[in-house]
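Asker: Have a look at this fold, sequence not included:
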């Protein structure tokens with residue numbers, strides 16, 4: 001299972017995650033911060049759990065590119 005987590009409050013709106021993983025992320029028109037699509041929010045952390053392993057590589061690339069390191073990706 002692929003687990004992607006985003007700490008949205010710390011997002012600076014650089015757009016790298018959207019460029020590298022457009023199926024998982026988009027930018028909010030309201031505040032210019034990243035949104036993890038189909039995620040659930042708990043205490044400021046947005047988490048997506050998926051059995052689709054095609055999400056793994058683009059999400060890992062987005063996590064590596066994030067300048068504030070607010071994206072984590074786990075393969076469990």
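Answerer: Thanks, I have the structure now. Just so it is clear, the model here is predicted, and its values are computed rather than measured. Numbering: from 1, shown residues only.
Asker: burial count for residue 55?
Answerer: Number of residues near residue 55 (other C-beta atoms under 10 Å) recorded here: 18. To be clear about C-beta, it is placed using only N, CA and C from the backbone, and glycine gets the same treatment.
Asker: Spatially nearest residue to it, not counting backbone neighbours?
Answerer: Spatial nearest neighbour of residue 55, excluding adjacent residues (C-beta to C-beta, 6 or more residues apart in numbering): residue 2 at 5.1 Å.
Asker: Kindly report the same for residue 28.
Answerer: Residue 28's closest residue in space is residue 35 (C-beta to C-beta, 6+ apart), at 5.2 Å.
Asker: Can you pull the phi/psi pair for residue 5?
Answerer: Backbone torsions for residue 5, taken as degrees, to the nearest 10, come to phi -130, psi 140.
Asker: and residue 64, what helix or strand is that in?
Answerer: helix 56-65 (DSSP states H and E).
Asker: what about that helix, average pLDDT?
Answerer: Across helix 56-65, the average pLDDT comes to 98.
Asker: what's next to it, contact-wise?
Answerer: Residues outside helix 56-65 that contact it (C-beta atoms under 8 Å, 6 or more residues apart in numbering) are 2, 4, 16-17, 20-21, 23-25, 69, 71-73, 75.
Asker: Quick one: buried ones out of these?
Answerer: 2, 4, 16, 17, 20, 21, 24, 25, 71, 72, 73 (16 or more other C-beta atoms under 10 Å).
Asker: Select from those residues every entry located in helices.
Answerer: Secondary structure from DSSP state H places 16, 17, 20 of those in helices.
Asker: that older thread, got the contact list for the residue nearest to residue 28?
Answerer: With contacts defined as C-beta under 8 Å, 6+ apart, residue 35 is in contact with 8, 25, 26, 27, 28, 46.
Asker: With adjacent residues omitted, what lies nearest to the second one?
Answerer: This points to residue 25. In space, residue 25 comes closest to residue 17 once its chain neighbours are excluded; the distance is 4.1 Å by C-beta to C-beta, 6+ apart.
Asker: Let me know the pLDDT of the residue nearest to residue 55.
Answerer: pLDDT for residue 2: 97.
Asker: swap in the one 5 residues further on?
Answerer: Residue-level confidence at residue 7 comes out at 98, pLDDT.
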